[in-house]
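Colleague: With the sequence up front, the predicted model follows.
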Amino acid sequence: MDNFLSNTQIGKILSNLLNLIKENYKFVLYSTAGFLFISLIYSFSLSPKYQIIADVKLKDESGNASLPSSSSVLSLITGGGAGNNFWDFYNIVFSTEVAEKLWEKGYDQKIFSSNFDTKSETFKRNPKLWDVIKSWIIGYDLNNEINFVDLRNHIKSEVDLEDLTEEQNLLRFTISTGNPDLYETLLTDLIRVTDDSIKQRERSKNTNKIVFLSDKIASVSDVEIKNAMIGLLKEQLLNESLVEQDNYYSIEVLEQPRRSKNPDFINLQFIYLGFTFIGFMLSVLVLYIRKRILVS
């Protein structure tokens, strides 16, 4: 129990601190006001950020919920996978394949315009000092060129994709940005290019399946097996027609990308009170340390 301060000792410490503040009230007041002023300057430097949201629903692997499930059996026969669950879709959204197509659509200039080097006519980043030191010590040439891989990394850091209800495959894209015009367009193009990439993959799968079934139908003599394969072939031809349409193939867009009317809420009261409290506590701490040094 001797390790704990008694009420009398605590009261004495608080009394000494109060007297210390009274004796140096100007220093405490100026320090607190200084930090309040810093918080005001900091608050004016904050940039408003808008939320951009889009909701989509994944379709089944055939792109049409009404198609029979025998296509999944054919996928196993021909080596094709389902490929339309959340994580497959997620990986395609943030793939270099999609990023390269967006790069070709002009997002190199839109995102990395400040990094354009007029001499080499390429996009280059300013290397960090530590990266320069490492390259010099280890002895390798530092590659500062920016390409679609960097665009992929940028998109992955800016775009949040979550599965709202796993059973129904409802997905939500979210971006928080100070440039809503650019990123609203980017999100629209990202969704479209992702779906186009899935279409392209599906075309390749359909071609392989159609060729496989056509060869098998020609070589099979059993009538029942041949009729079953003809049914599968019709299904793949129908799926191919769905892939070729201009509408979204793998998803249904429930809500097009839209921005919030007002920027995200910034708690200015918390910032002002927080900086003021820090200024007050630091001034008291300085006074206490200074007094202890003088006493010793």
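Modeller: Arrived safely, thanks for sending.

Colleague: all contacts plus neighbour counts: C-alpha atoms, from now on.
Modeller: OK.

Colleague: Which helix or strand lies directly C-terminal to the lowest-mean-pLDDT helix or strand in the chain?
Modeller: The weakest-scoring helix or strand in the chain, judged by mean pLDDT, DSSP states H and E, is helix 70-78 (a mean of 41). Per DSSP states H and E, helix 70-78 leads on to helix 86-93 as the next helix or strand towards the C-terminus.

Colleague: State the next helix or strand along the chain beyond that next one.
Modeller: Taking DSSP H and E, what comes next after helix 86-93 is helix 96-102.

Colleague: Render the CA-only coordinates of that following helix in PDB, please.
Modeller: C-alpha atoms of helix 96-102 as PDB (Å, rounded to 0.1, in the frame of the first residue of the first chain):
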ATOM      1  CA  THR A  96      -2.900  -5.300 -64.600                       C
ATOM      2  CA  GLU A  97      -5.100  -6.400 -67.500                       C
ATOM      3  CA  VAL A  98      -7.800  -3.900 -66.600                       C
ATOM      4  CA  ALA A  99      -5.200  -1.200 -65.600                       C
ATOM      5  CA  GLU A 100      -3.500  -1.500 -69.000                       C
ATOM      6  CA  LYS A 101      -6.800  -0.900 -70.800                       C
ATOM      7  CA  LEU A 102      -7.500   2.200 -68.600                       C
END
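
Colleague: same question for that helix, mean pLDDT?
Modeller: The average of the pLDDT scores along helix 96-102 is 96.

Colleague: can you give me the mean pLDDT across the next helix or strand after that helix?
Modeller: Next along the chain after helix 96-102, taking DSSP H and E as the criterion, comes helix 108-112. Helix 108-112 comes out with an average pLDDT of 93.

Colleague: and helix 108-112, what other elements does it pack with?
Modeller: Here helix 108-112 touches helix 148-158, going by 3 or more C-alpha pairs under 8 Å, 6 or more residues apart in numbering; DSSP states H and E.

Colleague: how big is the angle separating the helix it packs on from helix 86-93?
Modeller: 130 degrees (axes from the mean of the first three to the mean of the last three C-alpha atoms, to 10 degrees).

Colleague: mind listing what's buried in helix 148-158?
Modeller: 148, 150-152, 155 (16 or more other C-alpha atoms under 10 Å).

Colleague: in the stretch 101-250 of the chain, which spans are helices?
Modeller: With helices called from DSSP state H, counting those that start in this stretch, the stretch 101-250 of the chain shows them at 108-112, 129-138, 148-158, 180-219, 223-243.

Colleague: now the ones you listed as TSV including distance to Ser250?
Modeller: What follows is these, written out as TSV (distance: least, C-alpha to C-alpha, whole Å):
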stretch	distance to Ser250
helix 108-112	26
helix 129-138	42
helix 148-158	21
helix 180-219	6
helix 223-243	9
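
Colleague: nearest to Gln269, of those helices?
Modeller: Set against Gln269 and scored by C-alpha to C-alpha, the helices of the stretch 101-250 of the chain come closest in helix 180-219, at 25.7 Å.

Colleague: That closest one vs helix 223-243, what angle?
Modeller: 160 degrees.

Colleague: what comes up buried for helix 180-219?
Modeller: Buried residues in helix 180-219 (16+ other C-alpha under 10 Å): 180, 183-184, 186-187, 189-199, 202-203, 205-206, 209-210, 213, 217.
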